[in-house]
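Peer 1: Sequence and computational prediction follow.
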Amino acid sequence: MLSHQDSSVNLNKGVFITTYGCQMNVNDTERMFSLLEMANYSPVSTPEEASLIIINSCSVREKPVHKVRSEVGRYRKLKQNNPGLKIGVGGCVAQQEKKKLLKDIPLLDFVFGTDAIDKLPQIISDVEADEGKVVSAKFEHQKPYQIETLVRNPGVSTFVNITKGCDNFCTFCVVPFTRGRERSRTMSELITDINSLTKRGVKEVTLVGQNVNSYLSSCGSDFPKLLKTVAKDTDIERIRYTTCHPKDFNEDLVEVLAEHTDKIPEYIHLPVQSGNSAVLERMNRGYTREQYFQKINMIKNILPHAVFSTDIIVGFPGETEEQFMDTYTMLEQVKYESIYAFTYSPRPFTKAAKFTDQVPEHEKSERLQRLFAVQKEIAMPLAKTYMDKVLQVLVEEHNEETGVSTGRSTQNKVVHFAGEKNFIGKTFPVKINKTNPMTLYGDLQND
Ligand code: SF4
């Protein structure tokens, strides 16, 4: 859970937002703050200072409604002391539960879904005008996906949504139910956004979507074309993107990556989820183990310096020990620099939640531990290969007390080195002298 706060601004009314879940939700919270600032709300550091509390919820977790209920319960006293305090829930749980959430949690004043964020000022004004409880949670399937990126303090690196929703219906995933059908923003709108962020000092953008490489704008431009245009027609220094689906990761995209290695890091996050074809089929992932390997080989052929990471679900319903071992051996074969692995847990509305052959919890945990253990063995020697190499590091932070500047290399490695405050936002060559799997240390390389 992240608490979004900033007590530096002091307008009349205070808003406190807690954010759960993924980058999409973090971006949505930033959008809520921007919209509410225009409606004269300023962010506050604690719920006690707020006249408006919003929980931006996530349903990709256990007992999501229960979690929202218990957080709202913590505000009961505040509401008793200040009946003018309004409490609302947005995000995926709101989208999923709609008006049922108001019934389940009587303390709530409003519920708004993932397509209703831009209506937030109106919703708040209706709630404040005592027009009763408000629910706004319809998907706007027909409406074009047009949203200017709203970021209050963009910093060195910021996120830009390019798509919304997902049509893939992986059997474990709740996103198609909470974010609706996939829609893409227009390329011209995105270029305008990125140009304006660049003018505000942003050096790196991460293009975000549930499945960025199925991006398709109304003018017919696909993701490779979008990446190429951002690289060529804007002054942004670095372009990242997340998340990719292996079935849509094609040669055209890799050619663009190879053409623009000066701007697009050779770091590829390609979520495999399982290394076994039968499990992948039950997950409805749209590729086999062999096809995934073909993609990896195709990428390695065109981009020989590419580094990889992946997402894995361990203990999907019906996964046998042999099938799990296919995932295990996949790590050894691909040699990912990092993995994001979790045990399977059922999500509401999803097909897999109804599968009867659920794997016992202790087996899932035991497999996950084995997976992490082998990944550690793989990642250590990979990290050592960075020793004495000079990496280009875009500095994002500087600690004045320690004198250490921190940034990320084009391989997505966090790198620390002795620097200065004015290094923030600039790229420096750093020679690595100490390695850990996720973090590297080095010295500024002087010519
Ligand atoms: S591609 Fe699959 S895992 Fe990713 S958001 Fe869509 S349904 Fe979920």
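Peer 2: Great, that's in hand.
Peer 1: Near the ligand, which residues of this structure? Just list them.
Peer 2: Residues of the chain found near the ligand (Cβ under 6 Å from any ligand atom) are 166, 168-170, 173, 175-176, 210-211, 245. No exception for glycine: its C-beta is placed from N, CA and C like everyone else's.
Peer 1: Make a markdown table out of the residues you listed and add secondary structure and neighbour count.
Peer 2: Formatted as a markdown table, the residues of the chain next to the ligand follow (DSSP: H, G, I helix; E, B strand; the rest coil; neighbours: other Cβ atoms under 10 Å):
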| residue | secondary structure | neighbour count |
| --- | --- | --- |
| C166 | coil | 22 |
| N168 | coil | 17 |
| F169 | coil | 12 |
| C170 | coil | 22 |
| C173 | coil | 22 |
| V175 | helix | 23 |
| P176 | helix | 18 |
| Q210 | coil | 21 |
| N211 | coil | 21 |
| H245 | coil | 19 |
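Peer 1: mind giving me JSON lines with these and columns for pLDDT?
Peer 2: Converted to JSON lines, these look like this (pLDDT from 0 to 100):
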{"residue": "C166", "pLDDT": "93"}
{"residue": "N168", "pLDDT": "95"}
{"residue": "F169", "pLDDT": "96"}
{"residue": "C170", "pLDDT": "97"}
{"residue": "C173", "pLDDT": "93"}
{"residue": "V175", "pLDDT": "89"}
{"residue": "P176", "pLDDT": "91"}
{"residue": "Q210", "pLDDT": "91"}
{"residue": "N211", "pLDDT": "93"}
{"residue": "H245", "pLDDT": "97"}
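Peer 1: What is the nearest of the residues you listed to E332?
Peer 2: Minimum distance to E332 across the residues of the chain next to the ligand is 23.4 Å, recorded for H245 (Cβ to Cβ).
Peer 1: Quick one: residues contacting the residue lying closest to that closest one once chain neighbours are set aside.
Peer 2: Closest residue to H245 apart from its sequence neighbours, by Cβ to Cβ, 6 or more residues apart in numbering: N211 at 4.7 Å. Applying Cβ atoms under 8 Å, 6 or more residues apart in numbering to N211 gives the contacts 163, 166, 168, 182, 243-245, 248.
Peer 1: give me that answer again for 7 Å
Peer 2: 163, 166, 168, 182, 243, 245, 248 (Cβ atoms under 7 Å, 6 or more residues apart in numbering).
Peer 1: One more: E397?
Peer 2: Applying Cβ under 7 Å, 6+ apart, the residues near E397 are 406, 424.
Peer 1: Any regions of the chain where pLDDT drops low?
Peer 2: 1-11, 61, 141-144, 146, 148, 447 (pLDDT under 70).
Peer 1: Tell me which other helices or strands the lengthiest helix in it touches.
Peer 2: Counting residues, the longest helix found in the chain (DSSP state H) is helix 361-384. Packing partners of helix 361-384 (3 or more Cβ pairs under 7 Å, 6 or more residues apart in numbering; DSSP states H and E): strand 307-314, helix 321-334, strand 338-343.
Peer 1: Go ahead and name everything in contact with the last one.
Peer 2: Just to be clear, that refers to strand 338-343. By Cβ under 7 Å, 6+ apart, the residues outside strand 338-343 that reach it are 309-315, 331, 364-365, 368, 371-372, 375, 379, 438.
Peer 1: Helices of the stretch 101-250 of the chain, start to end?
Peer 2: Assigned by DSSP state H, counting those that start in this stretch, the helices in the stretch 101-250 of the chain fall at 120-128, 175-178, 187-199, 223-233.
Peer 1: Highest mean neighbour count out of those helices?
Peer 2: Comparing the helices of the stretch 101-250 of the chain by mean neighbour count (mean count of other Cβ atoms under 10 Å), helix 175-178 ranks first with a mean of 22.
Peer 1: From E266, how far out is V307?
Peer 2: The gap separating V307 from E266 is 7 Å, by Cβ to Cβ, to the nearest Å.
Peer 1: Between these two, tell me which one has more neighbours.
Peer 2: More neighbours surround V307 than the other of V307 and E266, with 21 against 17 (other Cβ atoms under 10 Å).
Peer 1: need the contact list for L107.
Peer 2: Shown in contact with L107 (Cβ under 7 Å, 6+ apart): 72, 76, 79, 87.
Peer 1: before we move on, the earlier item: buried deepest among the helices and strands packed on helix 361-384, which one?
Peer 2: strand 307-314 (a mean of 21).
Peer 1: CA atoms of that strand as PDB?
Peer 2: Taking Å, rounded to 0.1, in the frame of the first residue of the first chain, the C-alpha atoms of strand 307-314 are listed here in PDB:
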ATOM      1  CA  VAL A 307      18.900  -8.800 -20.800                       C
ATOM      2  CA  PHE A 308      15.700 -10.500 -19.700                       C
ATOM      3  CA  SER A 309      13.300 -10.600 -16.800                       C
ATOM      4  CA  THR A 310      10.000 -12.400 -16.400                       C
ATOM      5  CA  ASP A 311       6.800 -13.000 -14.300                       C
ATOM      6  CA  ILE A 312       6.000 -16.500 -13.100                       C
ATOM      7  CA  ILE A 313       3.000 -18.100 -11.400                       C
ATOM      8  CA  VAL A 314       3.800 -21.100  -9.400                       C
END
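Peer 1: Would you check how far apart L85 and K138 are?
Peer 2: Counting by Cβ to Cβ, the separation of L85 from K138 is 27 Å.
Peer 1: who has more neighbours, the two?
Peer 2: Using other Cβ under 10 Å, the more surrounded residue of L85 and K138 is L85, with 18 against 12.
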